[in-house]
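S.K.: the sequence isn't on hand, but the structure is:
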C-alpha cells in the first residue's frame, strides 16, 4: 500500500504541473473569417497502452502475476468508448485451503470526461462504467478437513484438483485522472468499485478469485485500481 500511495501522490503532482505547463503551450487554431472568432481543435483517435500496476504488484507479491492492455476511442468531445483485456493468476491461502485461479478477462464500457480543459489542454477527470467477463480455471492445491482433531486426525490432502471453464460476469463503476505529459502520451490513475453479477462455482468448493475482478468476498463486491501508460494515435482534429 505504501508504494501505491507514492504512485498516487506522484500522479497528483504531475497533474498539477501539466495543468500549469499546458496553459503556456501554443495551440492549433482556426480563424473563422465571418465572425473573427478563434476555434481551438483537439485530437480524436485511438489511444492504446498498458497497465503497469500489475507487474509492479507482482514484484511485491509472489502469489500474483498478470498483465493488462487498455484502449479507448473518442467519439464525442467528452465521451470515450473504453476497453481493457488481460490475464491474471492468483494463489489464495485460507485457514484450511490453498487454491490458484488463472485465466483471461475483458472489460467493455465508456468514460465521460467531467474536466473542463483550458484551450489546448487534453486532460481528464473521468467517470465511467464497465461490463466485465472472465473465463478461467481454479486449482485446489491442498486442503485440510475441518474436523475436531481431539477425535479424528486432520490430514492435509495435497493432490491438486483443477476445475476448468469457470466464468464470471460483473459491473464496474470507474473514477480516474488522466494527464497528457508529452504530445499524445498519457498517464492515468483510476479506481473501480465492482459488483459481481454471476460466477460459476467448482463442485464442492467456492470461487475465491476471478481474473479481472480480483478477490471475491461474501458480499459479491470488490475494488480495483489501474496505473496506465497510453499513447494516442490521432486520426483527425475537431
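M.R.: In hand now; what should we look at? On a predicted model such as this, the values are computed, not experimentally measured, just so you know.
S.K.: state the distance from residue 130 to residue 48.
M.R.: Taking CB to CB, to the nearest Å as the measure, residue 130 falls 17 Å from residue 48. The way it works is simple: take the backbone N, C-alpha and C, and place the C-beta from them, glycine included.
S.K.: between those two, who's got more neighbours?
M.R.: The neighbour comparison of residue 130 against residue 48 (other CB atoms under 10 Å) goes to residue 130, with 22 against 14.
S.K.: how far does the helix or strand harbouring that one sit from the chain's center?
M.R.: Assessed by DSSP states H and E, residue 130 sits inside strand 124-143. Centroid separation between strand 124-143 and its chain, computed with CA atoms, centre = their mean, to the nearest Å, is 9 Å.
S.K.: other SSEs contacting the following helix or strand past it?
M.R.: Using DSSP H and E, the helix or strand that follows strand 124-143 in sequence is strand 161-182. Applying 3 or more CB pairs under 8 Å, 6 or more residues apart in numbering; DSSP states H and E, one finds that strand 161-182 makes contact with helix 2-22, strand 97-113, strand 124-143, strand 185-199, strand 209-210.
S.K.: what's the most buried one of those?
M.R.: strand 209-210 (a mean of 27; mean count of other CB atoms under 10 Å).
S.K.: bridged to residue 113, which residues?
M.R.: residue 126 (DSSP bridges).
S.K.: contacts only, for it.
M.R.: By CB atoms under 8 Å, 6 or more residues apart in numbering, the contact list for residue 113 reads 78-80, 124-126.
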